[in-house]
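K.L.:
Need the 3D shape of this:
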Amino acid sequence: MDQMSLLKKCTINEKLQEQQLEMLKYMRKFHLDDQSAILEKVH
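P.N.:
Model (predicted):
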């Protein structure tokens, strides 16, 4: 794999991790019952 492909892959992974982190922060605002409901919808 060349450097550009590797760089793109890393950038995509970083963006995904950021999105997951935002999702977790967002979910923490809700009550635990709501969290499990959200998780069920996501999976």
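K.L.:
Just give the number of residues close to Glu40.
P.N.:
Around Glu40 sit 8 other residues, with neighbours defined as other CB atoms under 10 Å. Yep, even glycine has a C-beta here, placed from its N, CA and C like the rest.
K.L.:
Okay, and it sits in which element?
P.N.:
helix 32-42 (DSSP states H and E).
K.L.:
what's the spacing between the top helix by length along the chain and its chain's center?
P.N.:
Longest helix of the chain, by residue count under DSSP state H: helix 3-28. Here helix 3-28 is found 7 Å from its chain centre; the criterion is CA atoms, centre = their mean, to the nearest Å.
K.L.:
Summarise which helices and strands that helix is packed against.
P.N.:
In terms of contacts (3 or more CB pairs under 8 Å, 6 or more residues apart in numbering; DSSP states H and E), helix 3-28 is packed against helix 32-42.
K.L.:
For the helix it packs on, give the mean pLDDT please.
P.N.:
In this model, helix 32-42 has a mean pLDDT of 70.
K.L.:
Roughly how far does the residue most central in space within the chain sit from Asn13?
P.N.:
Against the mean C-alpha coordinate of the chain, by CA atoms, centre = their mean, the closest residue is Gln20 at 1.6 Å. Look at Gln20 and Asn13: by CB to CB, to the nearest Å, they are 11 Å apart.
K.L.:
Kindly point out which residues are neighbours of both of these two.
P.N.:
Common neighbours of Gln20 and Asn13 are not found (criterion: CB atoms under 8 Å, 6 or more residues apart in numbering).
K.L.:
what mean pLDDT does stretch 2-10 have?
P.N.:
Stretch 2-10 comes out at a mean pLDDT of 92.
K.L.:
May I see the buried residues of that stretch?
P.N.:
When burial is assessed from 16 or more other CB atoms under 10 Å, stretch 2-10 yields no buried residues.
K.L.:
what does that stretch contact?
P.N.:
With contacts defined as CB under 8 Å, 6+ apart, stretch 2-10 is touched by Met1.
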